[in-house]
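Asker: Model the structure of this input:
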Amino acid sequence: MSSNIIIPPNYVKKISSPLIFLAGPIQGVYTWQDEAIRIINELAPEVYIANPRRAVNIEHDFSPEMYNEQVDWETYHLKKAGKKGVIMFWLAKETKHLCERAYAQTSRFELGEWKAKHEKNKAQVVVGLEEGFTGTKYILRRLSKDCPNIPICRTLEETCKEAIRLARLKA
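Answerer: Sure thing, here's the model as predicted:
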């Protein structure tokens, strides 16, 4: 793995290049982050990538300590990318239904949070919507009306390219 990839529970305090945070579902979905990392590294090897998907596959709920560690890691790196980079949402369709959890519940909350930060502070956000992601119609309507400067993409590759373009503007 490249040294510019940051995964929990690791922190990189000094980041010399723009940071792209890979926001989007982790549970109930394929490992889209691997493909996003490949695309971004190939096109922009200088960019740092914060990937919240841990290197180990944890099927069951985290312990309270691991959960807090994960949330704190994500919050720290989202804020860092909001200041010096891009929050890249890839809203991938559900591939494995988990009855005990609403699909993409954290991602949907974060999208609302970063939509508001874009409106208030001009944080750079890119949103990619995979065909089959539930709620796409609503998300498209709200973003197009409230935040017409947030790029909306339909493929992972297009989403990564747009995140790189915006990240390079922050450099």
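
Asker: Now do the phi/psi pair for the residue lying closest to residue 35 once chain neighbours are set aside.
Answerer: Leaving out its chain neighbours, the residue that sits closest to residue 35 by Cβ to Cβ, 6 or more residues apart in numbering is residue 156, at 6.0 Å. For the C-beta atoms, the positions are set from N, CA and C on the backbone; glycine is no exception. With angles defined as degrees, to the nearest 10, residue 156 sits at phi -60, psi -40.

Asker: Adjust the sequence numbering to begin at 572 for everything that follows.
Answerer: Yep, numbering from 572; the last one is residue 727 now.

Asker: count of neighbours near residue 727?
Answerer: Around residue 727 there are 19 other residues, counting by other Cβ atoms under 10 Å.

Asker: do residue 664 as well
Answerer: Applying other Cβ under 10 Å, we find 18 residues neighbouring residue 664.

Asker: can you check residue 612 too?
Answerer: The number of residues packed near residue 612 is 17, by other Cβ under 10 Å.

Asker: confidence score at it?
Answerer: Among the per-residue scores, residue 612 shows a pLDDT of 96.

Asker: ok, now residue 654?
Answerer: Residue 654 is assigned 94 on the pLDDT scale.

Asker: quick one, what contacts residue 622?
Answerer: Listed by Cβ atoms under 8 Å, 6 or more residues apart in numbering, the contact set of residue 622 reads 576-578, 593, 604, 608.

Asker: one more time with 6 Å
Answerer: By Cβ atoms under 6 Å, 6 or more residues apart in numbering, residue 622 lies in contact with 576, 578, 593, 604.

Asker: ok, the last one to residue 694 distance?
Answerer: What it means is residue 604. Distance of residue 604 to residue 694, computed by Cβ to Cβ, to the nearest Å: 21 Å.

Asker: Which elements pack onto the helix or strand hosting residue 605?
Answerer: Using DSSP states H and E, residue 605 maps to helix 603-614. Counting contacts by 3 or more Cβ pairs under 6 Å, 6 or more residues apart in numbering; DSSP states H and E, helix 603-614 packs against helix 727-741.

Asker: Apply 7 Å and report the result again.
Answerer: Applying 3 or more Cβ pairs under 7 Å, 6 or more residues apart in numbering; DSSP states H and E, we find helix 603-614 packed against strand 590-594, helix 727-741.

Asker: mind listing what's buried in it?
Answerer: 603-604, 607-608, 610-612 (16 or more other Cβ atoms under 10 Å).

Asker: What does residue 577 show for phi and psi?
Answerer: The phi/psi pair for residue 577 (degrees, to the nearest 10) reads phi -110, psi 120.
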